[in-house]
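S.K.: coords below, sequence missing:
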(Lines give C-alpha, C1' and ligand atoms only; values in the text may rest on other atoms or scores of the structure.)
Protein backbone atom coordinates (compact mmCIF):
# COMPACT_ATOMS: atom_id res chain seq x y z
CA UNK A 1 0.00 0.00 0.00
CA UNK A 2 1.13 3.60 -0.58
CA UNK A 3 0.41 6.10 2.19
CA UNK A 4 0.72 9.89 1.89
CA UNK A 5 2.11 11.94 4.75
CA UNK A 6 2.26 15.62 5.68
CA UNK A 7 5.66 16.29 4.10
CA UNK A 8 4.48 15.02 0.75
CA UNK A 9 6.38 11.74 0.62
CA UNK A 10 5.28 8.13 0.79
CA UNK A 11 6.44 5.00 2.53
CA UNK A 12 5.75 1.64 0.95
CA UNK A 13 4.57 -1.16 3.21
CA UNK A 14 4.43 -4.78 2.21
CA UNK A 15 1.10 -6.53 2.79
CA UNK A 16 2.56 -8.60 5.61
CA UNK A 17 4.41 -5.72 7.32
CA UNK A 18 3.78 -5.04 11.00
CA UNK A 19 4.79 -1.67 12.38
CA UNK A 20 5.89 -0.82 15.92
CA UNK A 21 4.80 2.67 16.93
CA UNK A 22 7.38 4.50 19.05
CA UNK A 23 5.99 7.03 21.52
CA UNK A 24 8.64 9.62 22.47
CA UNK A 25 8.89 11.59 25.66
CA UNK A 26 8.29 15.30 25.67
CA UNK A 27 10.23 18.34 24.61
CA UNK A 28 12.64 16.79 22.12
CA UNK A 29 11.44 17.97 18.74
CA UNK A 30 10.30 21.59 18.70
CA UNK A 31 6.76 22.76 18.10
CA UNK A 32 4.48 19.94 16.87
CA UNK A 33 3.13 20.63 13.38
CA UNK A 34 -0.45 19.48 13.76
CA UNK A 35 -1.54 21.67 10.87
CA UNK A 36 0.61 19.49 8.61
CA UNK A 37 -0.77 16.35 10.20
CA UNK A 38 -4.29 17.62 9.52
CA UNK A 39 -3.50 17.79 5.81
CA UNK A 40 -2.62 14.10 5.60
CA UNK A 41 -6.01 12.92 4.39
CA UNK A 42 -9.74 13.64 4.46
CA UNK A 43 -10.24 12.14 7.93
CA UNK A 44 -7.18 13.77 9.49
CA UNK A 45 -8.63 17.23 10.39
CA UNK A 46 -11.46 15.71 12.43
CA UNK A 47 -9.15 13.15 14.07
CA UNK A 48 -6.67 15.83 15.18
CA UNK A 49 -9.39 18.16 16.45
CA UNK A 50 -11.13 15.36 18.37
CA UNK A 51 -7.87 14.31 20.04
CA UNK A 52 -7.11 17.90 21.09
CA UNK A 53 -10.60 18.26 22.53
CA UNK A 54 -10.26 15.02 24.48
CA UNK A 55 -6.88 16.08 25.89
CA UNK A 56 -8.27 19.51 26.81
CA UNK A 57 -11.01 17.78 28.76
CA UNK A 58 -8.34 16.26 30.99
CA UNK A 59 -6.63 19.57 31.75
CA UNK A 60 -7.45 21.84 34.69
CA UNK A 61 -10.29 24.20 33.83
CA UNK A 62 -8.26 27.34 34.56
CA UNK A 63 -4.68 28.37 33.93
CA UNK A 64 -4.18 26.36 30.75
CA UNK A 65 -4.19 27.57 27.13
CA UNK A 66 -6.46 26.10 24.48
CA UNK A 67 -4.52 23.32 22.78
CA UNK A 68 -6.62 23.78 19.65
CA UNK A 69 -5.45 27.38 19.52
CA UNK A 70 -1.71 26.90 20.10
CA UNK A 71 -1.31 23.67 18.14
CA UNK A 72 -3.83 23.95 15.32
CA UNK A 73 -5.42 27.37 14.85
CA UNK A 74 -2.64 29.79 15.88
CA UNK A 75 0.57 27.72 16.13
CA UNK A 76 2.64 30.89 16.30
CA UNK A 77 1.46 31.19 19.90
CA UNK A 78 2.91 27.83 20.89
CA UNK A 79 6.40 28.88 21.95
CA UNK A 80 5.09 31.53 24.31
CA UNK A 81 2.53 29.15 25.79
CA UNK A 82 5.16 26.40 26.16
CA UNK A 83 7.05 28.47 28.73
CA UNK A 84 4.32 27.49 31.18
CA UNK A 85 5.07 24.33 33.13
CA UNK A 86 3.39 21.31 31.59
CA UNK A 87 2.28 22.86 28.29
CA UNK A 88 5.11 21.30 26.25
CA UNK A 89 4.53 17.89 27.85
CA UNK A 90 0.78 17.90 27.25
CA UNK A 91 1.28 19.18 23.71
CA UNK A 92 3.67 16.31 23.02
CA UNK A 93 1.22 13.84 24.54
CA UNK A 94 -1.61 15.19 22.37
CA UNK A 95 0.62 15.01 19.30
CA UNK A 96 1.51 11.38 19.96
CA UNK A 97 -2.12 10.37 20.26
CA UNK A 98 -3.07 12.35 17.16
CA UNK A 99 -0.26 10.84 15.06
CA UNK A 100 -1.23 7.35 16.23
CA UNK A 101 -4.85 7.89 15.27
CA UNK A 102 -4.02 9.42 11.87
CA UNK A 103 -1.46 6.76 10.94
CA UNK A 104 -3.93 4.02 11.72
CA UNK A 105 -6.72 5.79 9.81
CA UNK A 106 -4.35 6.01 6.83
CA UNK A 107 -3.77 2.25 7.00
CA UNK A 108 -0.33 1.95 8.61
CA UNK A 109 -0.26 -1.66 9.90
CA UNK A 110 0.20 -1.35 13.68
CA UNK A 111 1.34 -4.43 15.57
CA UNK A 112 3.26 -3.16 18.61
CA UNK A 113 3.75 -0.03 20.74
CA UNK A 114 6.82 1.16 22.64
CA UNK A 115 6.70 4.15 24.95
CA UNK A 116 9.83 5.85 26.25
CA UNK A 117 9.40 7.22 29.78
CA UNK A 118 6.73 9.94 29.54
CA UNK A 119 5.72 8.35 26.24
CA UNK A 120 4.47 5.24 28.05
CA UNK A 121 1.32 7.19 28.93
CA UNK A 122 0.50 7.77 25.26
CA UNK A 123 1.45 4.19 24.36
CA UNK A 124 -1.00 2.74 26.87
CA UNK A 125 -3.71 5.20 25.83
CA UNK A 126 -3.30 4.23 22.20
CA UNK A 127 -3.41 0.57 23.19
CA UNK A 128 -6.85 1.20 24.69
CA UNK A 129 -5.83 0.82 28.35
CA UNK A 130 -6.68 4.38 29.41
CA UNK A 131 -8.88 7.07 27.87
CA UNK A 132 -7.31 10.07 26.16
CA UNK A 133 -8.63 12.42 28.84
CA UNK A 134 -7.41 10.23 31.70
CA UNK A 135 -4.00 10.04 30.03
CA UNK A 136 -3.92 13.84 30.01
CA UNK A 137 -4.80 13.92 33.71
CA UNK A 138 -1.96 11.49 34.40
CA UNK A 139 0.48 13.63 32.43
CA UNK A 140 -0.50 16.82 34.27
CA UNK A 141 0.04 15.20 37.65
CA UNK A 142 3.36 13.63 36.57
CA UNK A 143 4.78 17.00 35.52
CA UNK A 144 3.85 18.44 38.90
CA UNK A 145 5.44 15.57 40.84
CA UNK A 146 8.66 15.57 38.82
CA UNK A 147 9.13 19.32 39.07
CA UNK A 148 8.56 19.34 42.81
CA UNK A 149 10.22 16.13 43.95
CA UNK A 150 13.15 16.20 41.53
CA UNK A 151 14.23 19.82 42.07
CA UNK A 152 17.98 20.37 42.43
CA UNK A 153 18.94 17.73 39.90
CA UNK A 154 19.19 17.26 36.19
CA UNK A 155 20.20 15.01 33.33
CA UNK A 156 23.03 14.86 30.83
CA UNK A 157 24.04 12.85 27.82
CA UNK A 158 27.30 11.09 26.99
CA UNK A 159 28.23 9.67 23.60
CA UNK A 160 29.50 6.50 25.23
CA UNK A 161 28.43 2.95 25.93
CA UNK A 162 26.91 2.17 29.30
CA UNK A 163 30.23 0.74 30.49
CA UNK A 164 32.08 3.79 29.25
CA UNK A 165 29.62 6.06 31.02
CA UNK A 166 29.95 4.15 34.28
CA UNK A 167 33.74 4.44 33.98
CA UNK A 168 33.41 8.23 33.66
CA UNK A 169 31.20 8.35 36.75
CA UNK A 170 33.70 6.26 38.69
CA UNK A 171 36.63 8.42 37.56
CA UNK A 172 34.72 11.54 38.60
CA UNK A 173 34.01 10.04 42.03
CA UNK A 174 30.33 10.93 41.91
CA UNK A 175 28.29 7.80 42.74
CA UNK A 176 25.21 10.03 43.08
CA UNK A 177 25.12 10.15 39.27
CA UNK A 178 23.46 7.11 37.68
CA UNK A 179 22.69 5.78 34.24
CA UNK A 180 19.13 6.92 33.56
CA UNK A 181 18.57 5.86 29.97
CA UNK A 182 20.36 3.81 27.37
CA UNK A 183 18.94 5.34 24.20
CA UNK A 184 21.06 3.47 21.67
CA UNK A 185 24.38 1.68 21.53
CA UNK A 186 26.87 4.40 22.42
CA UNK A 187 24.24 6.93 23.54
CA UNK A 188 23.69 7.08 27.30
CA UNK A 189 21.79 9.53 29.52
CA UNK A 190 22.76 10.12 33.15
CA UNK A 191 20.85 11.67 36.02
CA UNK A 192 22.04 13.20 39.26
CA UNK A 193 22.22 16.23 41.59
CA UNK A 194 23.43 19.46 39.98
CA UNK A 195 27.03 19.53 41.24
CA UNK A 196 27.89 15.85 40.80
CA UNK A 197 26.22 15.82 37.38
CA UNK A 198 28.42 18.68 36.15
CA UNK A 199 31.47 16.89 37.54
CA UNK A 200 30.61 13.69 35.69
CA UNK A 201 30.04 15.51 32.40
CA UNK A 202 33.34 17.36 32.80
CA UNK A 203 35.14 14.07 33.42
CA UNK A 204 33.64 12.64 30.24
CA UNK A 205 34.72 15.67 28.22
CA UNK A 206 38.24 15.42 29.67
CA UNK A 207 38.35 11.82 28.46
CA UNK A 208 37.44 12.91 24.93
CA UNK A 209 33.78 11.86 25.19
CA UNK A 210 31.15 14.26 23.91
CA UNK A 211 28.92 15.12 26.86
CA UNK A 212 26.13 17.71 27.11
CA UNK A 213 23.69 18.88 29.72
CA UNK A 214 20.03 18.31 28.83
CA UNK A 215 17.21 20.81 29.41
CA UNK A 216 15.71 18.75 32.22
CA UNK A 217 15.87 20.69 35.51
CA UNK A 218 14.97 17.79 37.78
CA UNK A 219 15.97 14.25 38.62
CA UNK A 220 14.29 11.46 36.70
CA UNK A 221 15.03 7.74 36.42
CA UNK A 222 16.99 8.07 39.64
CA UNK A 223 16.76 6.00 42.86
CA UNK A 224 16.62 9.22 44.90
CA UNK A 225 13.13 9.72 43.45
CA UNK A 226 11.84 6.81 45.52
CA UNK A 227 8.66 8.03 47.15
CA UNK A 228 7.77 10.26 44.22
CA UNK A 229 6.68 7.11 42.38
CA UNK A 230 4.39 6.16 45.27
CA UNK A 231 2.96 9.67 45.39
CA UNK A 232 2.14 9.64 41.70
CA UNK A 233 0.70 6.14 41.98
CA UNK A 234 -1.82 7.36 44.57
CA UNK A 235 -2.79 10.18 42.21
CA UNK A 236 -3.48 7.93 39.20
CA UNK A 237 -4.48 4.52 40.57
CA UNK A 238 -8.21 5.28 40.37
CA UNK A 239 -8.22 5.72 36.58
CA UNK A 240 -9.87 2.64 35.02
CA UNK A 241 -7.54 0.13 33.36
CA UNK A 242 -8.97 -1.67 30.34
CA UNK A 243 -7.58 -4.70 28.43
CA UNK A 244 -4.68 -4.16 26.06
CA UNK A 245 -5.75 -3.94 22.41
CA UNK A 246 -2.14 -3.76 21.14
CA UNK A 247 1.04 -5.35 22.50
CA UNK A 248 2.91 -2.67 24.50
CA UNK A 249 6.59 -3.24 25.27
CA UNK A 250 8.20 -1.34 28.14
CA UNK A 251 11.88 -0.27 28.02
CA UNK A 252 11.69 0.04 31.82
CA UNK A 253 10.32 -3.43 32.65
CA UNK A 254 12.09 -4.99 29.69
CA UNK A 255 9.10 -6.96 28.39
CA UNK A 256 5.60 -6.74 27.01
CA UNK A 257 2.90 -5.70 29.42
CA UNK A 258 0.13 -8.15 30.35
CA UNK A 259 -3.46 -7.50 31.32
CA UNK A 260 -2.76 -8.84 34.81
CA UNK A 261 -0.07 -6.17 35.33
CA UNK A 262 -0.92 -3.16 37.47
CA UNK A 263 -0.22 -0.72 34.67
CA UNK A 264 -0.61 2.28 36.96
CA UNK A 265 2.33 0.97 38.97
CA UNK A 266 4.20 0.18 35.75
CA UNK A 267 3.94 3.83 34.73
CA UNK A 268 5.31 5.02 38.05
CA UNK A 269 8.39 2.79 37.60
CA UNK A 270 9.57 5.34 35.02
CA UNK A 271 10.25 7.89 37.76
CA UNK A 272 12.85 5.73 39.53
CA UNK A 273 14.06 2.98 37.21
CA UNK A 274 16.27 3.26 34.11
CA UNK A 275 15.15 3.04 30.50
CA UNK A 276 16.88 0.50 28.23
CA UNK A 277 15.59 1.15 24.75
CA UNK A 278 17.86 -1.00 22.51
CA UNK A 279 16.97 -4.30 24.18
CA UNK A 280 13.25 -3.63 23.87
CA UNK A 281 13.56 -2.55 20.23
CA UNK A 282 15.33 -5.83 19.52
CA UNK A 283 12.63 -7.75 21.42
CA UNK A 284 9.87 -6.09 19.42
CA UNK A 285 11.70 -6.83 16.18
CA UNK A 286 12.13 -10.48 17.19
CA UNK A 287 8.42 -10.62 18.07
CA UNK A 288 7.53 -9.66 14.51
CA UNK A 289 7.84 -5.91 13.97
CA UNK A 290 9.24 -5.23 10.49
CA UNK A 291 9.20 -1.41 10.62
CA UNK A 292 9.18 1.39 13.20
CA UNK A 293 7.12 4.59 13.11
CA UNK A 294 7.50 7.68 15.29
CA UNK A 295 4.13 8.33 16.94
CA UNK A 296 4.87 11.94 17.74
CA UNK A 297 6.79 14.96 16.52
CA UNK A 298 10.38 14.56 15.44
CA UNK A 299 12.38 11.42 14.76
CA UNK A 300 14.38 10.89 17.97
CA UNK A 301 13.21 7.34 18.58
CA UNK A 302 13.41 6.37 14.91
CA UNK A 303 17.05 7.42 14.94
CA UNK A 304 17.61 5.35 18.07
CA UNK A 305 16.00 2.44 16.22
CA UNK A 306 18.32 3.00 13.25
CA UNK A 307 21.37 2.87 15.48
CA UNK A 308 20.09 -0.33 17.09
CA UNK A 309 18.61 -2.12 14.07
CA UNK A 310 20.09 -0.55 10.91
CA UNK A 311 18.32 -3.00 8.61
CA UNK A 312 14.77 -2.10 9.71
CA UNK A 313 12.97 0.73 7.85
CA UNK A 314 11.63 3.66 9.84
CA UNK A 315 8.90 6.23 9.34
CA UNK A 316 8.75 9.66 11.01
CA UNK A 317 5.82 11.50 9.44
CA UNK A 318 6.32 14.79 11.25
CA UNK A 319 10.04 15.10 10.74
CA UNK A 320 11.89 13.49 7.90
CA UNK A 321 11.91 11.80 4.55
CA UNK A 322 11.52 8.00 4.57
CA UNK A 323 14.61 5.89 5.10
CA UNK A 324 15.16 2.52 3.53
CA UNK A 325 17.59 -0.23 4.55
CA UNK A 326 21.15 0.55 3.47
CA UNK A 327 20.72 4.34 3.51
CA UNK A 328 23.67 5.91 5.27
CA UNK A 329 22.92 7.41 8.68
CA UNK A 330 23.96 11.02 9.15
CA UNK A 331 26.63 11.48 11.84
CA UNK A 332 25.02 12.12 15.19
CA UNK A 333 27.82 14.32 16.55
CA UNK A 334 27.75 17.12 14.00
CA UNK A 335 25.96 20.00 15.71
CA UNK A 336 26.45 23.62 16.60
CA UNK A 337 28.27 24.38 19.86
CA UNK A 338 25.97 23.89 22.81
CA UNK A 339 23.26 22.24 20.72
CA UNK A 340 22.83 18.49 20.60
CA UNK A 341 20.91 16.76 17.78
CA UNK A 342 17.57 15.16 18.50
CA UNK A 343 18.69 11.50 18.60
CA UNK A 344 21.14 12.36 21.36
CA UNK A 345 18.60 14.10 23.55
CA UNK A 346 17.03 12.39 26.48
CA UNK A 347 13.85 12.37 24.38
CA UNK A 348 11.92 12.00 27.60
CA UNK A 349 10.99 14.74 29.95
CA UNK A 350 12.30 18.13 28.82
CA UNK A 351 10.05 20.68 30.53
CA UNK A 352 10.01 23.35 27.84
CA UNK A 353 10.91 24.12 24.24
CA UNK A 354 13.13 27.11 23.58
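M.R.: Received, thanks. Nothing here was measured: the structure is a model prediction, and the numbers come from that model.

S.K.: how many residues are close by the residue lying closest to residue 141 once chain neighbours are set aside?
M.R.: Excluding its sequence neighbours, the residue lying closest to residue 141 (C-beta to C-beta, 6 or more residues apart in numbering) is residue 235, at 4.6 Å. (Each C-beta comes from the backbone N, C-alpha and C, glycine too.) The local packing of residue 235 (other C-beta atoms under 10 Å) involves 18 other residues.

S.K.: which elements pack onto the helix or strand where residue 235 lies?
M.R.: Taking DSSP states H and E as the definition, residue 235 sits inside helix 228-236. Where contact means 3 or more C-beta pairs under 8 Å, 6 or more residues apart in numbering; DSSP states H and E, helix 228-236 is packed against helix 132-149, helix 263-272.

S.K.: what residues does the shortest one touch?
M.R.: With C-beta atoms under 8 Å, 6 or more residues apart in numbering as the test, helix 263-272 has contacts from 117-118, 120-121, 124, 129, 138, 142, 145-146, 220-223, 225-226, 228-230, 232-233, 236-237, 239, 241, 250, 252-253, 257.

S.K.: what of stretch 231-245?
M.R.: Residues outside stretch 231-245 that contact it (C-beta under 8 Å, 6+ apart) are 127-131, 134, 137-138, 141-142, 145, 149, 257-259, 262-265, 267-268, 271.

S.K.: what is the end-to-end distance of it?
M.R.: Separation of the first and last residues of stretch 231-245 by C-alpha to C-alpha, to the nearest Å is 28 Å.

S.K.: so after the helix holding residue 235, what's the next helix or strand?
M.R.: strand 247-250.

S.K.: buried residues in that next one?
M.R.: Buried residues in strand 247-250, counted by 16 or more other C-beta atoms under 10 Å: 247-250.

S.K.: closest one to residue 180 out of the residues you listed, please.
M.R.: Closest to residue 180 out of these is residue 250 (15.4 Å), distances taken as C-beta to C-beta.

S.K.: quick one: neighbours of the nearest residue to residue 309 once chain neighbours are set aside, just the number.
M.R.: Closest residue in space to residue 309, ignoring its immediate chain neighbours: residue 285 at 5.7 Å, by C-beta to C-beta, 6+ apart. Using other C-beta under 10 Å, residue 285 has 19 neighbouring residues.

S.K.: kindly report the same for residue 128.
M.R.: Residue 128 has 13 neighbours, counted by other C-beta under 10 Å.

S.K.: now it: how far from residue 181?
M.R.: Distance from residue 128 to residue 181, counting by C-beta to C-beta, to the nearest Å: 27 Å.

S.K.: likewise for residue 22?
M.R.: Distance from residue 22 to residue 181, by C-beta to C-beta: 14 Å.

S.K.: okay, the two: which has more neighbours?
M.R.: Legend: neighbour count by other C-beta under 10 Å for residue 22 and residue 181, higher for residue 22 (31 against 27).

S.K.: for the record, mean pLDDT for the helix or strand where the more buried one lies?
M.R.: For residue 22, the host element (DSSP H and E) is strand 19-23. Averaging pLDDT along strand 19-23 gives 96.

S.K.: next one: the residue lying closest to residue 142 once chain neighbours are set aside, what pLDDT does it get?
M.R.: Among residues not flanking residue 142 along the chain, residue 232 sits closest, at 6.0 Å (C-beta to C-beta, 6+ apart). Per-residue pLDDT puts residue 232 at 98.

S.K.: do residue 70 as well
M.R.: Residue 70 is given a pLDDT of 97.

S.K.: so it touches residue 78, yeah?
M.R.: Yes: in this structure, residue 70 is within contact of residue 78 by C-beta atoms under 8 Å, at 4.6 Å.

S.K.: need the residues touching each of the two.
M.R.: Counting by C-beta under 8 Å, 6+ apart, the residues touching both residue 70 and residue 78 are residue 91.

S.K.: where exactly do the helices run in the stretch 51-200 of the chain?
M.R.: 67-68, 78-81, 87-105, 119-126, 132-149, 162-172, 194-206 (DSSP state H, counting those that start in this stretch).

S.K.: point out the most buried one among the ones you listed.
M.R.: Using mean count of other C-beta atoms under 10 Å, the stretch among those with the greatest mean number of neighbours is helix 119-126 (a mean of 28).

S.K.: what's in contact with it?
M.R.: 21-26, 93, 96-97, 100-101, 113-115, 130-132, 134-135, 138-139, 142, 246, 248, 250, 252, 257, 263, 266-267, 270, 295-296, 301, 348.

S.K.: one more: stretch 163-176?
M.R.: 158, 160, 177-179, 188, 190, 192-193, 196-197, 199-200, 202-204, 207, 209, 211, 224.

S.K.: quick check: residue 290 touching residue 112?
M.R.: No: with contact defined as C-beta under 8 Å, residue 290 does not count as touching residue 112 (10.3 Å).
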